[in-house]
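J.: Dropping the sequence and predicted coords here.
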Amino acid sequence: MSSAKQRAPIWEQTRLRGVELLRNPRLNRGMAFTEEERERLGLRGLLPARVLDMEAQKMRIMENLRRCATDLDRYVQLISLLQRNEALFFRVLIDNVTELMPYVYTPTVGEACQRFGHIFKTPRGLFISYADRGRVRQLLDNWPEADVSVIVATDGERILGLGDLGASGMGIPIGKLLLYVACGGIMPEKTLPVMLDVGTENFEMLDDPLYPGLLQRRVRGEEYDAFVEEFVLAVKDKWGEKCLIQWEDFANANAFRLLQRFRHVQCSFNDDIQGTAAVALAGLLGALRMPRVPSQLRQHRFLFYGAGSAGLGIADLIVAYMLKHGEAADEAEARERCWFVDSKGLIYRGRALVTDEKARYAHAVPAERLLEHGTAADGGHGNVAAADGARTTPQRRIELEDAVRMLRPTGLIGVSTIPKAFTHSILSYMASYQERPIVFALSNPTSKSECTAREAYEFTDARAVFASGSPFDPVVIRAEGGAEEQRFLPGQANNSYCFPGCGFGVVMAGATCFTDAMFLDAANAVAGMVQAEDLESGRVFPPLEKIREVSARIAVAVANEAHRAGYATKSGSGPKGTFTFEDACQWQYDPVYGI
Ligand SMILES: NC(=O)C1=CN([C@@H]2O[C@H](COP(=O)(O)OP(=O)(O)OC[C@H]3O[C@@H](n4cnc5c(N)ncnc54)[C@H](OP(=O)(O)O)[C@@H]3O)[C@@H](O)[C@H]2O)C=CC1
Ligand SMILES: CC(=O)C(=O)O
Ligand SMILES: [Mg+2]
């Protein structure tokens, strides 16, 4: 996070003058144009006489935002600021990140996506629809920026926990890339949001006269894969293999396959699988430093509620960490620490309807325990494989609460999209055998959270180590029999802590591949920034105010891993070309701006 990257003064950047300049969001400075600039750029008379510096304009923006009646109104105001004065937008966002992130990101961005066709006039980014197949490369040429470094692409099928929103899901790539700039320090013009519009199964959207996407049901199968491949190859051809593609909010059935298929074709990663894993592991590493929490992962048993992209990604990184740090003899032993409940109940060895991805975490459960806890999923008349795989017994369905009672996990990780699933009964039971139960309710947006921060603390007698995907306000609570009230600052376990720094790191190194090892390093970098005072306040993450420093540290770690593994095409200023903190030169709002 050394000296800030900056652009040349406006008059060197453009030949635009007068009204045209004021209408260009990248160059417009509104009332901050100085007397000299107004003279030189033909702006006299087009602006009120007073010159207002950025601080004054920032104050005006914040005043207006705070006066808005709803969060969606705040979102709309912020996006319209972005569309008229980019430098001021990012300055406002960077300087007020804790207050404003919930509007440009989760939870409000979820609502913005649901209302996308109704609120957007000229959305940022490229809409590449299935109707454009065969000419995707030409569409990329329509994008006005010559040099793109980071693309966030979605097909809108699993937008947060809100399901299939089709082309309206474009709010997510837009929001993620705003964080790449504000939190990571990537230059705005190097970012590109992409909607791969292949239709939607959301009939409400299809019936909405303002729905902006293709009016058809989703393309699937080989046609779908060929379309995504055409996109990847077009990106490679136009911007090279180092142009990072972040896959975002794809349905589980596509997410793992696309990641594997393209990760060695183009520098790319899946944020929901890998970015989420890094942030959750960072939070767990923070939790291990809390008083009265067993300090090694191998002393824990994690029960995941939800076995999709996020859950399996987190478990895989826990396993990778344990193996790297000698906490398990082999993968099987490490995987035993992670158990899963999906929409069909607990995943155990021999259970039906378990995909290959999930099967890696299907552990043996003695048949008598299944009989004790489960209900016959088929009314008791089934004839499927037994838990020990040897005999045939009726298939048992084990619900979350029974799984908790059976396994007595030390940590419960919610990635299910099912609100209120972490009930009083479940959490108070965990607090009965575990001094400090770890409770991560990671589903987004807030309406989908498995429990609120207050519930987590209240139901565990203020002993939970809590984090959530969407932000919660501080909670003030008195433990039973406690003399004083305690104030907890719940941490936000959201991949937004990681992806901006991760992306910045691969761009800094010019990496040609994004490896799993880089996510381990990213997790360590975040965990390394957690201070004793954060832990004392109940937060297992550094405060959001430090996000740019967190991102810079992640970036250095990721770039150095790229260097070590031979994927870096650039060198840093450290010994043997390694990267240092000074190399992490982040973009700032334009320092030329203002007086
Ligand atoms: N905090 C963060 O940074 C992140 C949070 N998330 C959030 O996590 C949630 C899940 O995301 P993701 O993993 O990508 O989604 P997926 O669709 O890949 O997975 C969802 C999982 O939840 C399970 N599930 C659905 N309904 C139930 C139910 N009634 N009972 C038990 N399990 C159920 C599904 O079961 P089945 O497999 O049987 O269908 C599936 O395993 C979303 O809300 C998302 O916003 C995601 C990424 C990052
Ligand atoms: C945060 C995020 O990526 C999600 O909820 O999908
Ligand atoms: Mg996501």
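T.: Done, it's in. Ligands and ions are numbered 1, 2, ... in the order given.

J.: hey, where'd the strands end up in the stretch 451-595 of the chain?
T.: Assigned by DSSP state E, counting those that start in this stretch, the strands in the stretch 451-595 of the chain fall at 465-468, 475-477, 486-488, 491-492.

J.: who's in contact with residue 583?
T.: 2, 508, 556, 559, 572, 573, 574 (CB atoms under 8 Å, 6 or more residues apart in numbering). All C-beta atoms are positioned from the backbone trio N, CA, C, and that covers glycine.

J.: same thing but at 7 Å, please
T.: 508, 556, 572, 573 (CB atoms under 7 Å, 6 or more residues apart in numbering).

J.: who are the neighbours in contact with the first one?
T.: What that stands for is residue 508. By CB under 7 Å, 6+ apart, the neighbours of residue 508 are 555, 559, 579, 583, 584.

J.: Helices - which of those land there?
T.: Using DSSP state H, the members of the contacts of residue 508 that fall within helices are 555, 559.

J.: between the contacts of residue 508, which is nearest residue 475?
T.: Distance from residue 475 was checked for each of the contacts of residue 508 by CB to CB. The minimum falls on residue 555, at 32.7 Å.

J.: Just give the number of residues close to that closest one.
T.: Close neighbours of residue 555, defined as other CB atoms under 10 Å, add up to 32.

J.: Out of the contacts of residue 583, which comes closest to ligand 2?
T.: residue 508 (22.7 Å; CB to the nearest ligand atom).

J.: show me the contacts for the nearest residue to residue 503 once chain neighbours are set aside.
T.: Nearest non-adjacent residue to residue 503, counting by CB to CB, 6 or more residues apart in numbering: residue 150, 5.0 Å away. By CB under 7 Å, 6+ apart, the contact list for residue 150 reads 177, 180, 186, 190, 191, 244, 246, 503, 507.

J.: Put together a markdown table for the strands of the stretch 451-595 of the chain, with distance to ligand 1 on each row.
T.: Output for the strands of the stretch 451-595 of the chain, formatted as a markdown table (distance: least, CB to the nearest ligand atom, whole Å):
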| stretch | distance to ligand 1 |
| --- | --- |
| strand 465-468 | 8 |
| strand 475-477 | 19 |
| strand 486-488 | 18 |
| strand 491-492 | 8 |
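
J.: would you list the ones you listed in a markdown table and tack on distance to residue 541, mean pLDDT and mean neighbour count?
T.: Shown next, in a markdown table, are those (distance: least, CB to CB, whole Å; pLDDT from 0 to 100; neighbours: other CB atoms under 10 Å):
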| stretch | distance to residue 541 | mean pLDDT | mean neighbour count |
| --- | --- | --- | --- |
| strand 465-468 | 7 | 98 | 28 |
| strand 475-477 | 16 | 97 | 15 |
| strand 486-488 | 13 | 96 | 15 |
| strand 491-492 | 4 | 95 | 28 |
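
J.: Output those in JSON lines, with distance to residue 441 appended to each entry.
T.: Conversion of the strands of the stretch 451-595 of the chain to JSON lines gives the following (distance: least, CB to CB, whole Å):
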{"stretch": "strand 465-468", "distance to residue 441": "5"}
{"stretch": "strand 475-477", "distance to residue 441": "13"}
{"stretch": "strand 486-488", "distance to residue 441": "14"}
{"stretch": "strand 491-492", "distance to residue 441": "11"}
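
J.: returning to that earlier point: please list which of the contacts of residue 583 are also close to ligand 3.
T.: Among the contacts of residue 583, no residue sits close to ligand 3 (CB under 5 Å from the ion).

J.: out of these, which are buried?
T.: Neighbour counting by 16 or more other CB atoms under 10 Å classes 508, 556, 572 among these as buried.

J.: Show which residues not belonging to the host helix or strand of residue 284 make contact with it.
T.: Here residue 284, judged by DSSP states H and E, is contained in helix 276-287. Where contact means CB under 7 Å, 6+ apart, the residues beyond helix 276-287 that reach it are 293, 297, 310, 313-314, 316-318, 321, 413, 438, 440, 442, 465, 467, 491, 493-495, 497-498, 519, 522-523, 526-527, 530, 535, 540-541.
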